[in-house]
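Q: Predicted model and sequence below, questions to follow.
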Amino acid sequence: MPDTGLIGTRHFLDLDRLDPAELRRILDLSLAMKSGRDTGYGDKPLDGRALAMIFEKPSTRTRVSFERAIQQLGGEAIVLERESSQLGRGETVADTARVLSRYVDAIMLRTTQEEKLLELARHATVPVINGLTNRTHPCQLMADVMTFEEHRGPIAGKAVAWSGDGNNMATSWIHAAVQFGFELRLAVPEQLPPPKDVVDWATGRGAKVVVTSDVAEAVSGADCVVTDVWVSMGDTDSASHHNLLQPYQVNDQVMAAAGADAIFMHCLPAHRGEEVTDSVIDGPQSVVWDEAENRMHAQKGILLWTMLAGAGG
């Protein structure tokens, strides 16, 4: 059931909350701006507009890519680090949403708690963008789909293999498989599966999403191989995670089992020698640097869609 408190404002919270046509529209805007094509919104479409960026969980790529994106669109960014934000501490999330809505035109939140994101969106009167939660990372997936399609054409009907933890990135890949129409095979340890409700949601919509513990099965003939760090910032029990995930390292042998034209993606930062070897991330099949750049371009599309595209049709 939809959350009625989130209806009415053009938020970008998760891929499963948006219509596939709208996600494609965002990517079309992103590609147009990257290539210098006319979007119909002018050269500086967000002139005079401001984005508040709240970082409860720090990130190099998220901060720089969003800040440059809004600047290149003519707007400005206001950065609130964990130390300078009262979100959910001295002030309620709802009150923070109400106050910031009086100052800025959109809010990006990067947090460890999905409920904070949803509460912020319920009470904000400006768009709220999910910069990452413990459950999902949709901005990264928009950049990933954009990157795949730049290198290999439409992602619909292709096969993507995930090797690693069933974490927030894996969840967003599952959402993307439904919304963009590709096959997803997730090789994960039995002790670290993706959320069952998300897998059930995807398969219930006819998506080809397979969860296995066999890396060779997942990557066989795949068009793309993806992984992520074994232990995210702030997570505990790293020794146990490392032991469980060692067999899921993406190395030359894994890439050789994928399709001959397969590409390798990683959202970064990478822990070289753990989830991926140097020979893969620096190899000819790797597109991780284009993927990192496309965070900025994909987020331009998200910013334009949230702030202007709804009013402009």
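A: On my side now, so go ahead. Numbers count the residues shown, from 1 in each chain.
Q: ok, which stretches of this protein are strands?
A: Here the chain has its strands, by DSSP state E, at 50-55, 76-81, 106-110, 128-132, 159-163, 183-187, 209-212, 224-227, 263-266.
Q: For those, give me TSV that also has distance to Leu118, mean neighbour count and mean pLDDT.
A: (Each C-beta comes from the backbone N, C-alpha and C, glycine too.) Below are these laid out as TSV (distance: least, CB to CB, whole Å; neighbours: other CB atoms under 10 Å; pLDDT from 0 to 100):
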stretch	distance to Leu118	mean neighbour count	mean pLDDT
strand 50-55	14	22	97
strand 76-81	19	16	95
strand 106-110	10	27	98
strand 128-132	9	27	98
strand 159-163	25	27	98
strand 183-187	25	24	98
strand 209-212	24	18	98
strand 224-227	26	27	98
strand 263-266	28	24	98
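Q: Would you mind giving these as CSV with distance to Val287 added?
A: Shown next, in CSV, are the strands of the chain (distance: least, CB to CB, whole Å):
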stretch, distance to Val287
strand 50-55, 26
strand 76-81, 27
strand 106-110, 24
strand 128-132, 21
strand 159-163, 13
strand 183-187, 18
strand 209-212, 23
strand 224-227, 9
strand 263-266, 5
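Q: what's the closest of these to Ile26?
A: strand 128-132 (11.4 Å; CB to CB).
Q: that older thread, of all the strands of the chain, which one is nearest Thr147?
A: strand 263-266 (6.7 Å).
Q: contact partners of the closest one?
A: The list of residues contacting strand 263-266 from outside it, by CB atoms under 8 Å, 6 or more residues apart in numbering, reads 144, 147-148, 151-152, 223-228, 250, 255, 275-276, 280-281, 283, 285-288, 291.
Q: Looking at the strands of the chain, spot the one closest to Phe12.
A: Closest among the strands of the chain, using CB to CB: strand 128-132, at 4.7 Å.
Q: what angle separates that closest one from strand 106-110?
A: In terms of direction (axes from the mean of the first three to the mean of the last three CA atoms, to 10 degrees), strand 128-132 departs from strand 106-110 by 20 degrees.
Q: what residues does strand 128-132 touch?
A: Applying CB under 8 Å, 6+ apart, the set of residues contacting strand 128-132 is 9, 11-14, 53, 55, 57, 59, 62, 66, 97, 106-111, 117, 120-121, 136-140, 168, 302-303, 306.
Q: Now the buried members of the residues you listed.
A: 9, 11-14, 53, 55, 57, 59, 62, 66, 97, 106-111, 117, 120-121, 136-140, 168, 302-303, 306 (16 or more other CB atoms under 10 Å).
Q: Can you flag the buried ones in the contacts of strand 263-266?
A: 144, 147-148, 151-152, 223-228, 250, 255, 275-276, 280-281, 285-288, 291.
Q: Tell me the confidence at Gly48?
A: pLDDT for Gly48: 97.
Q: one step back: for Ser172, find the nearest of the strands of the chain.
A: strand 128-132 (9.5 Å).
Q: residues near the residue lying closest to Phe180 once chain neighbours are set aside, how many?
A: Nearest residue to Phe180 in three dimensions, chain neighbours excluded: Ile155, at 5.3 Å (CB to CB, 6 or more residues apart in numbering). For Ile155, the neighbour count with other CB atoms under 10 Å is 22.
Q: Check Glu67 too.
A: 18.
Q: Residue numbering should commence at 861 henceforth.
A: Renumbered: residue one is now 861, and that last one reads Glu927.
Q: quick one: it and Ala912 touch, right?
A: No. Glu927 sits out of contact with Ala912 when judged by CB atoms under 8 Å, with a separation of 11.7 Å.
Q: which residues are in contact with both of these two?
A: Shared contacts of Glu927 and Ala912, counting by CB under 8 Å, 6+ apart, come down to Ala937.
Q: check contacts around Val959.
A: Glu951.
Q: ok, now how distant is it from Ser890?
A: Val959 sits at a distance of 30 Å from Ser890 (criterion: CB to CB, to the nearest Å).
Q: I am finished for the moment; much appreciated.
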